[in-house]
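Enquirer: compute the structure for the input listed below.
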Amino acid sequence: QVPSLLVDPEGMRTDPRTLDELVDIFDNLDESYKSVNPQGPDRESSSEEAAPGCPRFPETEDELNERCKASIDKILNFIQKDSVAIVSHAPCLQHLALALDGSPSPSA
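Expert: Now for the predicted structure:
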């Protein structure tokens with residue numbers, strides 16, 4: 001798991017909750033969910049190889065672009081529908097849109 005960007009009231013960085021912890025909190029979690037683009041090893045703490053475009057952090061803008069393109073390709077291939085709603089934060093949404101448009105980068 002990637003450490004969270006959130007900190008506790010004492011300023012200590014927190015880790016994301018595990019699936020078991022989330023299941024205890026929420027009664028409507030789909031425990032069978034599997035990501036179509038699973039997380040790879042952390043870039044800073046592992047020399048382990050990873051699938052191209054898988055989420056690995058920290059990442060550069062080029063790596064973000066590659067991850068978003070791989071993610072949207074895998075999502076569209078998985079759902080095989082005419083439409084889909086994607087909820088994310090602005091940088092990812094921008095790069096997802098670029099991938100759908102066929103643009104290699106924001107500056108292209």
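
Enquirer: quick one: which helix or strand includes the residue nearest to the spatial centre of the chain?
Expert: Geometric centre of the chain, nearest residue: residue 55, 5.4 Å, by C-alpha atoms, centre = their mean. Here residue 55, judged by DSSP states H and E, is contained in no helix and no strand.

Enquirer: test my guess that it contacts residue 42.
Expert: No: applying C-beta atoms under 8 Å as the test, residue 55 and residue 42 come out as separate, 10.1 Å apart. For the C-beta atoms, the positions are set from N, CA and C on the backbone; glycine is no exception.

Enquirer: so which residues of the protein form helices?
Expert: 19-25, 61-79, 90-101 (DSSP state H).

Enquirer: quick check: the residue nearest to the centre of the chain vs residue 25, distance?
Expert: Per C-beta to C-beta, to the nearest Å, residue 55 is found 23 Å from residue 25.

Enquirer: number of nearby residues for residue 69?
Expert: 19 (other C-beta atoms under 10 Å).

Enquirer: repeat for residue 48
Expert: 10.

Enquirer: residues in contact with it?
Expert: 40-41 (C-beta atoms under 8 Å, 6 or more residues apart in numbering).

Enquirer: and for the one 5 residues further on?
Expert: Neighbouring residues of residue 53 by C-beta under 8 Å, 6+ apart: 37, 66-67, 69-71.
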